[in-house]
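In: Here is a sequence with its predicted model. Questions after.
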Amino acid sequence: MKSTKQKKITKDFFNQVSGEWFGRTYDPAGKYLTFPGNKIRMEVALEEISRLGIKGRALDIGCGEGQLVIELLKKGINAEGIDIAEDMIKGAKDNLKKSKVRKNPDEVFRSIDLDRFKVSKQYDIATGLGLLEYLDTDKEFFSMVAPVVHNGGYVLAECRNKFFNLFSANQYTVKLKNELPELIKELNDSIKYSPVPPKKIPMTQLAVSSGISKFLSVAVKNREWLSNSVPHYTNYPPKMVRRQHTPQEIEASAKKYGFKLEYVVYWHPHPYPPVYGKNFPRIFNKISHLMNPLGRTPLGAWMCSSFIAVFRKR
Ligand SMILES: C[S@@+](CC[C@H](N)C(=O)[O-])C[C@H]1O[C@@H](n2cnc3c(N)ncnc32)[C@H](O)[C@@H]1O
């Protein structure tokens, strides 16, 4: 497939931000000045991989600086990662060298466009976290993973959640216009995709609320939590497209390549519409993290800005 404009923008952006990416999205200091999105997403993915009982081979596509691959290797899963951005792969190799895992970084990580990947063996699972939003089409991803995963194997595809526009009350909501009635219908029909049924929502909410109360009783005594001095990070280029999906849309794309959608786990719940996050970002981000268990319930569909779709190859 020929290199598109969007692909070049994506590659250049990720090469540019490789130095700040870990601090920006994994929040190693645990300060919550930014939302530790990639760290939480990785935790959600690891939890699902463990639930599915996957032990063999894994391929992480768009692996960034290799955090998921290294965690999987630590668990004894034979994981590899590929990424289009050379600087991300350099970071991944360095991270592997610094870890306790004894593996040759050149055999684990490779800088390559997913379109150019040659299948030499099959995997028990393929993952793409924070990847589909940057691709021109879903076809690019599913046509690549179809021969990579063996029958009965799994794919975890993470997407930005289109339903979230109904909750976010921002420019994306305004842009919905004509799509609104269909989106609300799809939202109502999406309950079936959540692994935790609606009747368990009150119980989950109670546990989440108790965690939030405990956190707030500590936070009010420490003014640092009120800080809103968010560090400056490189902005996304204005022309960069970040696509959104509903579970129904990604289900339809995957079906053409022999994948069945098993369930979706929403993640990154917002305690209030995002606009409130600007005033007390640390508290907002921490509460978002504490609310994550709601993502396995149907409530996640409109409160969470992303989801991980779990597919099985039939
Ligand atoms: C948002 S980052 C996520 C990185 C990592 N998965 C994580 O969660 O930390 C998306 C990654 O996908 C990579 N990527 C985008 N398009 C790609 C393509 N066509 N082939 C391979 N990697 C790609 C980018 O270079 C970038 O490192």
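Out: Good, I have the coordinates.
In: Next one: V218 from F35, what distance?
Out: According to CB to CB, to the nearest Å, V218 stands 19 Å off from F35. (Glycine included, C-beta is placed from N, CA and C.)
In: For the stretch 51-200 of the chain, what lies in contact range of the ligand?
Out: Residues of the stretch 51-200 of the chain lying close to the ligand by CB under 6 Å from any ligand atom are 62-64, 67, 82-85, 88, 113-114, 129-131, 134.
In: quick revisit: neighbour-wise, which of V218 and F35 wins?
Out: Higher neighbour count among V218 and F35: F35, with 21 against 9, using other CB atoms under 10 Å.
In: OK, contacts around that one?
Out: Each residue near F35 by CB atoms under 8 Å, 6 or more residues apart in numbering is listed here: 27, 268, 285, 288-289.
In: Pull out the buried positions in the longest strand along the chain.
Out: For the chain, the strand with the greatest residue count under DSSP state E is strand 149-161. In terms of neighbour count (16 or more other CB atoms under 10 Å), strand 149-161 has its buried residues at 149, 153-161.
In: and if you look at stretch 121-135?
Out: Judged by neighbour count (16+ other CB under 10 Å), stretch 121-135 contains these buried residues: 122-135.
In: same thing with stretch 248-257?
Out: Of the residues in stretch 248-257, those buried by neighbour count under the rule 16+ other CB under 10 Å are 248-251, 253-254, 257.
In: Tell me which of those fall in helices.
Out: Among the buried residues of stretch 248-257, the members found in helices (DSSP state H) are 248-251, 253-254.
In: tell me the contacts of the closest residue to E224 other than its chain neighbours?
Out: Among residues not flanking E224 along the chain, R282 sits closest, at 7.6 Å (CB to CB, 6 or more residues apart in numbering). When contacts are counted by CB under 8 Å, 6+ apart, R282 is found next to 31-33, 224-228.
In: least trustworthy helix or strand in this structure by mean pLDDT?
Out: helix 171-176 (a mean of 87; mean pLDDT, DSSP states H and E).
In: which strands and helices sit next to that helix?
Out: Secondary structure elements in contact with helix 171-176, counted by 3 or more CB pairs under 8 Å, 6 or more residues apart in numbering; DSSP states H and E, are helix 165-168.
In: Just the mean pLDDT for the helix it packs on, thanks.
Out: Taken as a whole, helix 165-168 has an average pLDDT of 92.
In: Run the chain-centre distance for that helix.
Out: Helix 165-168 has its C-alpha centroid displaced from the chain centroid by 18 Å (CA atoms, centre = their mean, to the nearest Å).
In: ok, now stretch 290-299?
Out: The offset between the C-alpha centroid of stretch 290-299 and the centroid of the whole chain comes to 15 Å, using CA atoms, centre = their mean.
In: do the same with stretch 29-48
Out: Using CA atoms, centre = their mean, the mean C-alpha position of stretch 29-48 is found 9 Å from that of the whole chain.
In: where do the helices sit along this structure?
Out: Secondary structure of the chain by DSSP H: the helices cover 5-26, 37-51, 67-74, 86-98, 105-108, 138-148, 165-168, 171-176, 180-188, 201-219, 247-255, 281-290, 300-303.
In: So for the fifth one, what gets flagged as buried?
Out: Residues of helix 105-108 classed as buried: 105, 108 (neighbour count, 16+ other CB under 10 Å).
In: same deal with the fourth one?
Out: Of all the residues in helix 86-98, those buried under the rule 16+ other CB under 10 Å are 87-93, 95-96.
In: which helices and strands does that helix pack with?
Out: Checked by 3+ CB pairs under 8 Å, 6+ apart, helix 86-98 has helix 5-26, helix 67-74, strand 78-83, helix 105-108, strand 109-111 packed alongside it.
In: can you tell me which of these comes nearest to K278?
Out: Each of the helices and strands packed on helix 86-98 was checked against K278 via CB to CB, and the shortest separation belongs to helix 5-26, namely 17.2 Å.
In: Please enumerate residues in contact with that closest one?
Out: In this structure, residues lying in contact with helix 5-26 by CB under 8 Å, 6+ apart are 28, 34, 36-39, 64-65, 67, 83-88, 90-91, 113, 134-136, 231, 233-234, 236-237, 239-241.
In: where in the protein is pLDDT low?
Out: Scanning the chain with the threshold set as pLDDT under 70 gives 1-3.
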